[in-house]
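Asker: coords below, sequence missing:
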């Protein structure tokens, strides 16, 4: 089955790399939408808490997380080999400012390398981490194409910047409009379709990751 069809009927398995204030709420919303979600994090403590249904993020309703874990829609792991199981992967890792006041992309690069080693045909990768224009095509794309796969044909790549405002009582992950820009039109379509099932408002598309 084509990936777009799997996204539409929610049989696509979604991986979320980074279970912090961006990644865990996103994982919860995708699981609530009906997708089976697998969260990845290098911090064992976070993974153990998620698998026990224990919440550590203020923007998440404790009972919702617990039920999603109990019902089998959400789980977490430190084993990056399980990326092979995923049809869609969202990269939501931190990009703290370095001493030059520029985003430190080390977590993004490391995560992308883990995905690249396990990339398979009909796979969607969406970068959500806050970063500078050009990161998706200049940093991530070359790493993903090292193994011979071609973007827009074998796999799909897009940027959809996280817009989380921790502690905001009105706007959460679900009701904050999303902007999506893919490397190709097919990339944009796949990422937009995945976003639309999660957000209440429209997922706006632009012509490139850089514009997004």
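Answerer: That came in fine, so what should we check first? Treat the numbers as computed from the prediction; the structure is a model and nothing was measured. Numbering: from 1, shown residues only.
Asker: return the residues in contact with the spatially most central residue of the chain.
Answerer: Most central in the chain under C-alpha atoms, centre = their mean is residue 90, positioned 1.6 Å from the mean C-alpha point. Taking C-beta atoms under 8 Å, 6 or more residues apart in numbering as the contact definition, residue 90 lies against 14, 15, 16, 17, 23, 26, 126, 128. No exception for glycine: its C-beta is placed from N, CA and C like everyone else's.
Asker: cross those against strands and list the overlap.
Answerer: 14, 15, 16, 17, 126 (DSSP state E).
Asker: helix, strand, or coil at the residue nearest to the centre of the chain?
Answerer: strand (DSSP: H, G, I helix; E, B strand; the rest coil).
Asker: dig out what it forms beta bridges with.
Answerer: Listed beta-bridge partners, residue 90: residue 16, residue 126 (assigned using DSSP bridges).
Asker: what's in contact with the helix or strand harbouring residue 111?
Answerer: With elements delineated by DSSP states H and E, residue 111 resides in helix 106-116, which encompasses its position. Contacts of helix 106-116 from elsewhere in the structure, counted by C-beta under 8 Å, 6+ apart, are 17-18, 80, 83, 89, 91, 93-95, 125, 127, 129, 131, 135, 139-140, 143-144, 146-147.
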